[in-house]
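Asks: From the sequence below, what's the structure:
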Amino acid sequence: MDVQTFIVITISGVVATIAMTTCMYIYAKVTNKNTKVVHVLSKMVSGSKGNFAWSNIIMLFGACLHVGIGILFAFIYYLLWHWDVLLLNLEDSFWAGALSGLLAISFWSFYFIIHRIPQAISRSHYMFALLLSHIIFAMVCINFYKVLI
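Replies: Purely as a prediction, here's the structure:
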C-alpha cells in the first residue's frame with residue numbers, strides 16, 4: 001500500500017465516521033432517545049455516571065476512539081475490496097454496512113452485559129440506530145473512497 005492509498009482510506013474512514021455519527025445524533029433528536037454514540041461510549045469507557053471535571057477529556061477520548069474504529073473499518077473494507085470480496089458499488093456497500101452493523105450490535109450488546117455501570121438507554125433504539133448508521137458508514141466510506149481514487 002502506498003502513502004496516497006493510506007491517506008485516501010484514512011480520509012474515507014473519517015468522513016464516513018462523521019456521517020455515521022451524524023446519523024446517530026439525528027436519530028437521537030428525532031426519537032428523543034439517547035443514541036449519541038460518542039457520549040455513550042465516553043461514559044462507558046470512563047465508568048462515569050454523570051458529569052465530572054474531566055468530562056471534556058473523556059468526550060475527546062471517546063470521539064478519538066470512535067474515529068479510530070471507523071478508520072480501522074475503512075482499512076478492513078479496503079482489504080476486502082483489494083481481495084475481490086467486495087465491489088466498490090452501492091449494493092456491496094449496503095451489505096458491508098449491514099454486516100458491520102450486526103457486528104456492532106453484537107459487540108455493544110456484550111459490552112452492555114459485562115459493563116459494571118451500563119448506560120441507562122433504550123437498547124432497542126440504540127441497536128436500530130447502530131444498524132442504520134453502519135449502513136450509512138459503509139456506503140459513505142466506499143463511495144468516498146471511489147471518488148478519491
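Asks: and Asn34, which of the three is it?
Replies: Secondary structure, DSSP: H, G, I helix; E, B strand; the rest coil: Asn34 is coil.
Asks: Hmm, Thr31 is touching Tyr126, no?
Replies: No: Thr31 is beyond contact range of Tyr126, at 10.2 Å (criterion: C-beta atoms under 8 Å). Where C-beta positions appear, they are placed from N, C-alpha and C, glycine not excepted.
Asks: Looking at the two, which is more packed in?
Replies: Tyr126 (23 against 13; other C-beta atoms under 10 Å).
Asks: Please identify the helix or strand for that one.
Replies: Element membership for Tyr126 (DSSP states H and E) is helix 123-148.
Asks: Can you mark which positions in that helix are buried?
Replies: Buried positions in helix 123-148, judged by neighbour count with 16 or more other C-beta atoms under 10 Å: 125-130, 132-145.
Asks: tell me what that helix is packed against?
Replies: helix 3-31, helix 37-46, helix 55-82, helix 90-114 (3 or more C-beta pairs under 8 Å, 6 or more residues apart in numbering; DSSP states H and E).
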